[in-house]
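# Just a sequence and a predicted model for now, questions to come.
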Amino acid sequence: MPRTTVPRQASAPRKRKLPTRRPAPAFDLEAFLPFQLSVVANRLSQSVGRAISQRFSLQIPEWRIVVVLGKYGPLSALEIARKTSMDKARVSRAQHRLVDLGLANMQPDEGDRRKVIVSLGPQGLRIYREMVPLAVETARQLLAGITPQRLEFLEDIMGDLFASTAGFEPDGSDEEPA
């Protein structure tokens with residue numbers, strides 16, 4: 001008898017077992033030291049900034065520039081950006097506001113006419129001299145809860161961090177992180 005073959009049914013494709021994906025461990029942003037330093041720096045700067053703003057009507061970028069010019073003397077916008085770690089656009093806006101307020105002057109650099117030099121005027125110098133003790137006292141109050149030994153240790157660590165990040169100043173073209 002002729003052999004009849006039963007058509008073979010195609011078997012269902014074998015399900016390939018995929019490797020199980022484990023969820024990535026959650027990144028603990030609040031425990032990430034660079035994030036902590038940024039938040040603390042912003043909080044301290046804003047606290048000092050509020051005290052200065054209330055007394056002198058200056059925003060954070062403006063008072064930073066006043067302090068830098070008061071300490072170092074006339075500087076270019078790029079030098080100010082490097083010393084304050086602010087982007088050049090923010091420095092430009094703030095320096096123009098300081099000029100509008102009569103606190104600063106802008107003059108072309110005698111050696112390079114493309115560069116503008118910013119300096120404090122007499123009223124800017126007066127505000128600088130009043131601002132520094134206010135900023136120091138506000139910072140002292142903010143840090144009053146830290147023991148002198150721990151504050152000294154913190155200052156040592158911050159000195160180390162400041163030195164180790166010295167090569168990371170902005171070149172003036174990048175936006176400052178939020």
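Thanks, I have the structure now. Residues are numbered from 1 along each chain as shown.
# What pLDDT does the model give L161?
Note for L161: predicted pLDDT of 91.
# now swap in the one 10 residues further on and tell me
Model confidence at D171, expressed as pLDDT, equals 55.
# low pLDDT regions in the chain?
Regions of the chain meeting the criterion pLDDT under 70 cover residues 1-15, 18-19, 169-178.
# which ones are touching L120?
Contacts of L120 were listed using C-beta atoms under 8 Å, 6 or more residues apart in numbering, and they are V66, L69, G70, L103, A104, N105, Y128. To be clear about C-beta, it is placed using only N, CA and C from the backbone, and glycine gets the same treatment.
# rerun at 6 Å
For L120, the contact set (C-beta atoms under 6 Å, 6 or more residues apart in numbering) comprises L69, A104.
# same question, the one 3 residues further on
Contacts were defined as C-beta under 6 Å, 6+ apart; by that measure Q123 touches G102, L103.
# Tell me how far the one helix or strand it maps to lies from the chain's centre.
Per DSSP states H and E: Q123 is located in helix 122-142. Distance of helix 122-142 from the chain centroid (C-alpha atoms, centre = their mean, to the nearest Å) equals 21 Å.
# buried set for it?
Neighbour-count burial for helix 122-142 flags G124, L125, I127, Y128, M131, L134, A135, T138 (criterion: 16 or more other C-beta atoms under 10 Å).
# Following element in sequence after that helix, please.
Beyond helix 122-142 on the C-terminal side, the first helix or strand identified by DSSP H and E is helix 148-164.
# buried sites along stretch 88-98?
Result for stretch 88-98 [16+ other C-beta under 10 Å]: buried residues K88, R90, V91, S92, A94, Q95, R97, L98.
# Right, I'll leave it there.
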